[in-house]
Structure formats: structure tokens, C-alpha cells
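Undergrad: predicted model and sequence follow; I will ask about them next.
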Amino acid sequence: MTMCPMRLNFTLRNMPCEAGWSSQRPLVLWITDASRLSYAKVRAVEVHHQAKALNISIEAFTWSHETVSRCVEGHCRHIGDATFVDICVRLSKPTALANPVYESISRMESYRNLSTDSAAGAVVDAVYGRTPLSCDNSDDQPRFTPWTGEHVYNIKGRAVTLTHDQRDAVALGVRELSVVAIQAAFGTCKTVVGSLIAAHLAIERRIPVIVTATTNAAVAQFTETILSLDDYPDLVVVRYVSGTALAENLTRTPVDLNEILKYLGDNFADKLEEKDKQLCQDFKEGLEHLEEYLHHPEQALAMTEDDKEEYFISESFVSENLQKMVDLMFALLKPSVICATTASLLNTTAAPEGIFARHVSNFQVLIGDDTSQIPEPALVAMAARLPRVRHVYIGDVHQLEPHAKCSRSSNPARFGAHSVMSVLCEAHAVPVAPLITTFRTHPALIELPNRVACSRERPESRAATDAIESHQVPLAHDTLHVHLCAWIFRPRCQ
């Protein structure tokens, strides 16, 4: 009772996984019969997988300590030397400035698996200067063989010819080097290049690939790009979305893990034994029941006691059998590409509780997208967690840094915390392929729409043509085809 800030300890039963309970996670606290809510954060979580229990310690903020302390003193009961209080707790959203990957890294012993003869050791040695450098006039083998000729791919029904820099970037990415980087400026189709590297490795070389990025939106974009490659229809892609992010998953894809597991029994009915068919059917029903409340949270306000019991049964069954379903998926579907955020990747591959831990040894290449937003410590963490894979990183060192959302007065911003991409570009032993051909619209061509949208100006056809000609847009050929559309204006509502 005299501790400052106030701490409370409790145990959650029937919890086979953390389910969002993580260190520093903010929460709303209501002490029974108190007249107001309080605020606190998770201090520590101890997982007992065999007992399916979580021992949780929460701690008040410095500014909420007095409120929590007064509520506890007013509504607690003393039994012996212990003090007990009835509470209701609800997890809040993590702060927008929080990067969940740091929490995973803080629990790791990153350098334990970095043996000198492993791929992970070679990655770290190359990045941090322990690899001897070769000379241009030496007899060493070239780092990669550039592709020649035209390389045409069909993407969403359209034939796309790679530029020379895109072709070289893909050639470097599929080369068997421990770590490579692709410095891609904005608008150079770097996600397409990364998708082609993943597809080429997975299909033509039969090398399973892991793809990672910092946000679910970036992972979803990469996943959709891979699925849009018409030349690789047999590519088996799985995108992992964590349970805590599933409710806010605004960028769903048809290959999300929950969707694949839901229909696994239907798609492979002819290859399943009866007990596995029943498992898939029960898992599908339980998952659909949970998703009903997940996507329609207002229904939880009118739950009867029977509804609550059914919900808890479904939640328990899905949690207990998730690993079995994932094992079944790898046996039947045999994914060649797995996509996940960096934080989810570190969590799902952690032995023994990670759902991908049993299968990650089959993967040989890690592709990182939007690497300028991945913090530097994640490089060693991913190398240690995946000691057998080689790394391909794609990003723009001039785009958003990992601490872009932080205050400019924060330590990462003040001292210039590095991203994975900035570290790779400074490492002399890491081959870097530049993507310089940009496909952004020329400013002169978008001036007219901007004038219409921002200034409410109505350009005439002749004025529009004069505006384009006056800017002297540089052309790759002698002819510029301009399509002038009819502008329709409606009065704004008063």
C-alpha cells in the first residue's frame, strides 16, 4: 500500500497465450464500487503455458497514482498480511508512438545464436565491418551477374517491362549473398521489385521466403502485390495478422491466416482423416463465432449468460488448437511465402510458444520492405531469430525514419537513431543496388487537377493546352498525348 507508483498483481486463468497483455501496454482500471475510472499500464507478464495462466503486474502512472491509491484504500479488504481488491481491467490501444518491435527485442538474447559459421553471423559481420573487402582489380568472383535483355512480367493483366535498374535490383536480390540492400527512391516501384524477388526465389528456385515490414498496411500492400503477379499463379502466400491487430485490420487480404485456417478443411477435405476434418470444422465454427463479436462489438453489450459461456468456449477451443491448425496448414498447403510485421515475426518464431517456430527452419530468405522504418536493433534480432536465412532489404534512406512519429526533442530524434536501411547503406561490405527510375507524375501534368481541386478554377480547353505547352514538359519521345476531359462543376453546399 505504501509503494509508489501503486502496483497490483493478479492472475488470469484459461489463457494459453498473452492475447495482447504485454509490457507497457496502457489500460483502463475500475476498482469495484469506485466512482471513477483510473489509468495504469502493464508492468510485467509471466506466461505459464502448461497451466494456461498469466501472472500480470500492473502499475499506475505517476499522474494516476493518487487516484488509484485512494480507490484501493477505500474499497480494499485485508486478509492476513495481504490486501485484496476487486477490479475490472480493459486493455487500451498502445500509444501511436510505440513501436511494438522493441518489446520483442527487449526479451531476446540477440547475440546468443550468432555463431561465426552461420548465415546470421555472416550478416552481422558484413554489416558491422568484420568482413574483408575485395578490390575491383582482384580475382574474386563477382558479387552478382547482371541480367541482360528484356524481362517482361504480367501484373494485373498488364505487361510490364523492367527498367535496367529494376532488372539489376532483382538480379542482386536473387543472388546467394548473405545480405544485400536495394536503395529505392520514392515512386520506383520498390514493392513490385521485392515481390518479383520473392516470387522468383519461391517458384523458380524452390526457396521459401519470409517477408516483413513495420506496419500491417505495408505488409498487406506487399501481399497484394505478390498476388497480382500473373506469371506466378501457383505461389502460395500466407499473411499473418496478430490477434490484437485483427479487430483493426483495415487492409484484409484473401490469404490472411485466419481466412486460410477457416477454410482449410473445405479446401483439403479429400486429404484429411476424419478426426482432422472434425477439428477443422470445429475450429471454423469457433473462429466464425469469435469474428462475429470482433467485427460487431456492439453485440457484446447484449450478451446473455449462455452467449458469454459459448464465447468463452469458442475462445478457449481456438486458442488451444491454433498450433494444430497451423501445423496442418504447413503439411497440406506448404506456404512458399509468409508475410508478417517485424514484431509479429519475432513473436511467432520464438521457441517454443511461437506458432511458426516449428517450421521456420525451412525458410532461407528474409525480405524486408520499407526498411527505413525498421529500427537498427531489429537487424540483429531477426538475424539471431532466423540464423539460417540470408537477408534482402528494400527501402529509401531518405524516407520516414523509425522515429518519425516521435517528438523532435526525443532522444532517438536528437541523436539520430539509425534504421536498418541507413546502416546497410553505410556498410562497405554490403552490396547496394540503386533504383533511380521513378514513375511519379510530372508536376506540370498534375497542375491542372490541382488548380481545379484547390482553387475551384475552371480551365478552358485552349487554356489547358497552353498551360501544358508553357511548362515544356521533358519527353522521352517526340509526341505527347494529352487527353482533355470535360470538367463538371456542381455548386458547393451552403
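TA: Noted; the coordinates are in hand.

Undergrad: what about the nearest residue to residue 436 once chain neighbours are set aside, neighbour count?
TA: Using C-beta to C-beta, 6 or more residues apart in numbering and skipping the chain neighbours, the partner closest in space to residue 436 is residue 165 (5.5 Å). Yep, even glycine has a C-beta here, placed from its N, CA and C like the rest. Look at residue 165: counted by other C-beta atoms under 10 Å, it has 17 neighbours.

Undergrad: let's see the pLDDT reported for residue 165.
TA: As predicted, residue 165 sits at a pLDDT of 92.

Undergrad: wait, is it part of a strand?
TA: No: under DSSP: H, G, I helix; E, B strand; the rest coil, residue 165 falls outside any strand and is assigned helix.

Undergrad: please report how far it lies from residue 399.
TA: Noted for residue 165: a distance of 18 Å to residue 399, by C-beta to C-beta, to the nearest Å.

Undergrad: am I right that residue 39 is in a helix?
TA: No: Residue 39 is assigned strand when assessed by three-state DSSP, not a helix.

Undergrad: most centrally placed residue in the protein?
TA: Nearest to the geometric centre of the chain sits residue 341, at 2.0 Å (C-alpha atoms, centre = their mean).

Undergrad: by mean pLDDT, flag the weakest helix or strand of the protein.
TA: helix 461-470 (a mean of 53; mean pLDDT, DSSP states H and E).

Undergrad: what distance do you get for the closest residue to residue 72 other than its chain neighbours to residue 234?
TA: With sequence-adjacent residues excluded and distances taken as C-beta to C-beta, 6+ apart, residue 72 is closest to residue 85, at 5.4 Å. Using C-beta to C-beta, residue 85 is found at 58 Å from residue 234.

Undergrad: which one's more surrounded, those two?
TA: More neighbours surround residue 85 than the other of residue 85 and residue 234, with 18 against 7 (other C-beta under 10 Å).

Undergrad: buried set for stretch 414-427?
TA: 417-425, 427 (16 or more other C-beta atoms under 10 Å).

Undergrad: surely residue 47 touches residue 54?
TA: Yes: under the criterion of C-beta atoms under 8 Å, residue 47 makes contact with residue 54 at 6.0 Å.

Undergrad: before we move on, the earlier item: list the contacts of the residue nearest to residue 72.
TA: 8, 31-32, 72, 75-77 (C-beta atoms under 8 Å, 6 or more residues apart in numbering).

Undergrad: buried subset of those?
TA: The neighbour count (16+ other C-beta under 10 Å) marks 8, 31, 72 as buried among those.

Undergrad: check the last one and give its pLDDT.
TA: When you say that, I think you mean residue 72. We have a pLDDT of 87 for residue 72.

Undergrad: ok, it touching residue 32?
TA: No: if you go by C-beta under 8 Å, residue 72 and residue 32 don't touch, sitting 10.9 Å apart.

Undergrad: quote the end-to-end distance of stretch 414-429.
TA: Distance between the two ends of stretch 414-429: 28 Å, counting by C-alpha to C-alpha, to the nearest Å.
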